[in-house]
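Peer 1: next one to model:
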Amino acid sequence: MFTFGRDHEKKCEERLVRNPAQIPLLMGVIDAVHDLIEGRGNLAHVTDSVRTAFISGGAGVWENAAKWLRKTSFEYPEILNLWSELASHPKADVRFRVACLLGEMPTETFAEISPRLLADRSRKVADMAAYKGATVHGAGAA
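Peer 2: Coordinates of the predicted model:
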């Protein structure tokens with residue numbers, strides 16, 4: 001998996017986090033990914049760090065946690081199962097975040113998750129899923 005290196009990635013991503021107190025959440029994701037790349041970590045640790053940052057992180061954190069999930073999935077496609085878990089999260093805010101990123105998921109993951117989000121009990125989640133599904137995967141997807 002290509003990165004610009006642990007330190008460079010941290011320096012660049014740190015600037016994207018709105019709340020400085022949440023920077024460690026995103027740094028944890030970057031460390032877990034680079035540990036995996038270097039053979040010192042494992043996919044379970046990456047998955048846990050992405051999950052935590054996606055659920056608990058604010059602006060700049062959850063979006064970039066999702067970016068690292070996508071990057072990791074090219075070599076470790078099993079991490080894509082995390083999307084399904086997050087799409088079923090009890091908090092509507094987490095499910096909304098997943099709906100916001102439907103267009104950035106592989107087609108198979110989109111096909112699995114989008115019907116669930118379209119039928120979500122939260123109107124905000126369902127509306128975002130409909131919007132993202134229609135704009136990214138064609139009107140027939142919504």
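Peer 1: the helices in this structure, which residues?
Peer 2: For the chain, helices defined by DSSP state H occupy the ranges 6-14, 23-37, 43-56, 62-73, 81-87, 92-100, 107-118, 123-137.
Peer 1: can I get those in TSV with mean neighbour count and mean pLDDT?
Peer 2: Bear in mind the C-beta positions are built from the backbone N, C-alpha and C, glycine included. As requested, the helices of the chain are exported to TSV (neighbours: other Cβ atoms under 10 Å; pLDDT from 0 to 100):
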stretch	mean neighbour count	mean pLDDT
helix 6-14	14	92
helix 23-37	21	97
helix 43-56	19	98
helix 62-73	21	97
helix 81-87	19	98
helix 92-100	21	98
helix 107-118	17	96
helix 123-137	18	87
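Peer 1: tell me the phi and psi of residue 105?
Peer 2: Torsion angles at residue 105 (phi, psi; degrees, to the nearest 10) stand at phi -100, psi 150.
Peer 1: just the pLDDT for it.
Peer 2: For residue 105, the pLDDT comes out at 94.
Peer 1: I'd assumed residue 83 was in contact with it.
Peer 2: Yes: using Cβ atoms under 8 Å, residue 105 is in contact with residue 83, at 6.0 Å.
Peer 1: could you tell me which residues touch both of these two?
Peer 2: Listed contacts common to residue 105 and residue 83 are residue 113; contacts here mean Cβ atoms under 8 Å, 6 or more residues apart in numbering.
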